[in-house]
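Trainee: Could you work out the structure for the sequence below:
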Amino acid sequence: MRDGGEPQEKSGWLLDALCSGEVFFASPTMQHRTRGTRKLLRAYEPVSSAGIRHLFDRARAATITDPVLFGLVPFDTRRPASFTVAPHLQSAPVPPRRAAAVPSGRRPAVRQSQPVPAPEVYGDMVRQALALYAQGGVSKIVLSRAIDVELDAPLDYAQVLGDLLCRNAYGYTFAVPIWSDDLAVEQPVAVMLGASPELLVRREGDRVFINPLAGSIPRHPDAAQDQARREGLATSEKDLREHGYVVSDIVRILRQHCDVLDVPDGPSVIGTDALWHLSTFLTGRLKNPGMSALELACALHPTPAICGFPTAQAFVHIQALEPFDREYFAGLVGWQREGGDGEWALSLRCARYDGARRLRLYAGAGTVAGSDPDSEIRETATKMETFMRAIA
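Mentor: Residues are numbered from 1 along each chain as shown. Now for the predicted structure:
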């Protein structure tokens, strides 16, 4: 059921009284929000076409009209994904001005924070990756780190998401629950909150849209220096090489599934509030119009943008180098209708929130031959700062 008459906040965003277990997902043009947590349908299992069909079958049996599935797919797709279908869904265009009214009031204070691993250890991870490049066999590895944060009070979802909407004007802002396999537990074990700049797949009928980002540089408060950084990124040999690995591999996979594919000659530069990114916008037409957005997203995932190149070798090195489990970071977050239309973004600029006072913030950076460990430390810190400013 899609509700059309529910009141919206004065800001136009569907954030009023959002609670744990409900879903919020905003793209550059549309926003979706589930209402209530009673009679939710959920699944916690590795992603599969059969599992998705079964969840939609359950939705029809529960007389949910035009069901929409929301979900999280982990970086390692062998691990359980978390899916939700709610009986009450409200959808609306985003407000004309991409600015959220952030609720006033006291924000939580950070009681303590702990980097995972320490920045100098992350720098050593980058140096180990550089040694691997010298040996041959792998050309890019995306290395991530995290910060565990404890607050003195619970988060206000509307406040955090409102702030992220202000900072991520053209991205994908989300709050999606993480369930467990214990159906007796009615509350999620955690919620993924974030504001990703990167669309992996959007499907509209037989048309698909893909927008990989790779290669970035922090923005500068001085307008002239900021423009110089933008122009420098557009001609940076190291960043163009990193971006090229991503686009060439995505195009290779898309040609298996698309009979028409439009590939720009080169990347453009797009900006968030914190970073400039190299971006390539791809469009295609599916050979099999029955292939869903999620099926195509899983065929592409993990891309070199969040794993490395070649992806199989980079994946193995990530498991060896990173001292923590990415879980849903650098996985997929999004929504899908039963017919297969939907949007799946990469779960970036995000945090895992336990629903009380603890969060784990994540960030990653693509490393290639010529990468500088100190620069990668600064880039990941800049990425996490976007979320940190939203919570405290």
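Trainee: so what's G284 up against?
Mentor: Residues in contact with G284, defined by Cβ atoms under 8 Å, 6 or more residues apart in numbering, are 207-208, 210, 254, 257-258, 260-262. Quick note: C-beta positions are derived from backbone N, CA and C, even for glycine.
Trainee: Just the ones of the residues you listed in helices?
Mentor: 254, 257 (DSSP state H).
Trainee: Farthest-apart pair in the contacts of G284, please.
Mentor: The largest separation in the contacts of G284, counting by Cβ to Cβ, is between H257 and D262 at 14.3 Å.
Trainee: quick one on the thing from earlier: whichever of the contacts of G284 end up buried, select them in PyMOL.
Mentor: With 16 or more other Cβ atoms under 10 Å as the criterion, this PyMOL line picks the buried residues out of these:
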select buried, resi 208+210+254+257+258
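Trainee: Adding pLDDT, write the contacts of G284 out as TSV.
Mentor: Formatted as TSV, the contacts of G284 follow (pLDDT from 0 to 100):
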residue	pLDDT
R207	97
V208	98
I210	96
L254	97
H257	97
C258	97
V260	96
L261	96
D262	95
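Trainee: Count residues in the vicinity of H220, would you?
Mentor: Residues lying near H220 (other Cβ atoms under 10 Å) number 14.
Trainee: no wait, E204
Mentor: Around E204 there are 12 residues (other Cβ under 10 Å).
Trainee: Surely G366 forms part of a strand?
Mentor: Yes - secondary structure of G366 (DSSP: H, G, I helix; E, B strand; the rest coil): part of a strand.
Trainee: Surely it is in contact with T303?
Mentor: No - in this structure, G366 is not within contact of T303 by Cβ atoms under 8 Å, at 10.8 Å.
Trainee: For the residue lying closest to P323 once chain neighbours are set aside, give me phi and psi.
Mentor: Excluding its sequence neighbours, the residue lying closest to P323 (Cβ to Cβ, 6 or more residues apart in numbering) is P117, at 5.2 Å. Per-residue torsions, P117: phi -80, psi -170 (degrees, to the nearest 10).
Trainee: pretty sure P117 is in contact with S144, am I right?
Mentor: No - P117 is not in contact with S144 according to Cβ under 8 Å; the separation is 10.4 Å.
Trainee: got the phi/psi numbers for A381?
Mentor: phi -60, psi -40.
Trainee: Which neighbouring elements make contact with the strand or helix carrying A390?
Mentor: In this structure, A390 is located in helix 373-391 according to DSSP states H and E. Applying 3 or more Cβ pairs under 8 Å, 6 or more residues apart in numbering; DSSP states H and E, one finds that helix 373-391 makes contact with helix 119-135, strand 140-151, helix 157-167, strand 190-196, strand 213-218, strand 275-279, strand 350-353, strand 358-368.
Trainee: ok, V121 - contacts?
Mentor: P323.
Trainee: Quick check: I52 is in a helix.
Mentor: Yes - counting by three-state DSSP, I52 falls inside a helix.
Trainee: Tell me how many other residues surround R230.
Mentor: Around R230 there are 16 residues (other Cβ under 10 Å).
Trainee: Could you say whether it sits in a helix, a strand or coil?
Mentor: helix.
Trainee: Tell me the pLDDT of the nearest residue to T380 once chain neighbours are set aside.
Mentor: Closest residue to T380 apart from its sequence neighbours, by Cβ to Cβ, 6+ apart: A363 at 4.1 Å. As predicted, A363 sits at a pLDDT of 95.
Trainee: circling back: closest one to Y245 among the helices and strands packed on helix 373-391?
Mentor: Using Cβ to Cβ, the nearest of these to Y245 is strand 140-151, at 5.1 Å.
Trainee: could I get that closest one in CSV with only the CA atoms?
Mentor: Taking C-alpha atoms only, strand 140-151 is exported to CSV below (Å, rounded to 0.1, in the frame of the first residue of the first chain):
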residue,chain,number,x,y,z
LYS,A,140,44.2,-1.3,-7.1
ILE,A,141,43.0,-2.1,-3.6
VAL,A,142,40.4,-0.1,-1.8
LEU,A,143,41.3,0.0,1.9
SER,A,144,38.9,1.1,4.6
ARG,A,145,39.0,2.1,8.2
ALA,A,146,36.4,2.9,10.9
ILE,A,147,35.8,4.9,14.0
ASP,A,148,33.8,3.6,17.0
VAL,A,149,31.9,6.4,18.6
GLU,A,150,30.0,6.5,21.9
LEU,A,151,27.5,9.3,22.4
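Trainee: can I get the CA coordinates of the helix holding A390 in PDB?
Mentor: Provided in PDB are the C-alpha atoms of helix 373-391 (Å, rounded to 0.1, in the frame of the first residue of the first chain):
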ATOM      1  CA  PRO A 373      49.700   6.900   2.700                       C
ATOM      2  CA  ASP A 374      49.300  10.300   4.400                       C
ATOM      3  CA  SER A 375      47.000  11.500   1.600                       C
ATOM      4  CA  GLU A 376      44.800   8.300   2.000                       C
ATOM      5  CA  ILE A 377      44.600   8.900   5.700                       C
ATOM      6  CA  ARG A 378      43.400  12.500   5.100                       C
ATOM      7  CA  GLU A 379      40.900  11.400   2.400                       C
ATOM      8  CA  THR A 380      39.300   8.800   4.700                       C
ATOM      9  CA  ALA A 381      39.200  11.300   7.500                       C
ATOM     10  CA  THR A 382      37.400  13.800   5.300                       C
ATOM     11  CA  LYS A 383      34.900  11.200   4.300                       C
ATOM     12  CA  MET A 384      34.100  10.300   7.900                       C
ATOM     13  CA  GLU A 385      33.900  14.000   8.800                       C
ATOM     14  CA  THR A 386      30.700  14.400   6.700                       C
ATOM     15  CA  PHE A 387      28.900  11.900   9.000                       C
ATOM     16  CA  MET A 388      30.600  13.100  12.200                       C
ATOM     17  CA  ARG A 389      29.400  16.700  11.600                       C
ATOM     18  CA  ALA A 390      25.800  15.300  11.200                       C
ATOM     19  CA  ILE A 391      25.700  13.500  14.600                       C
END
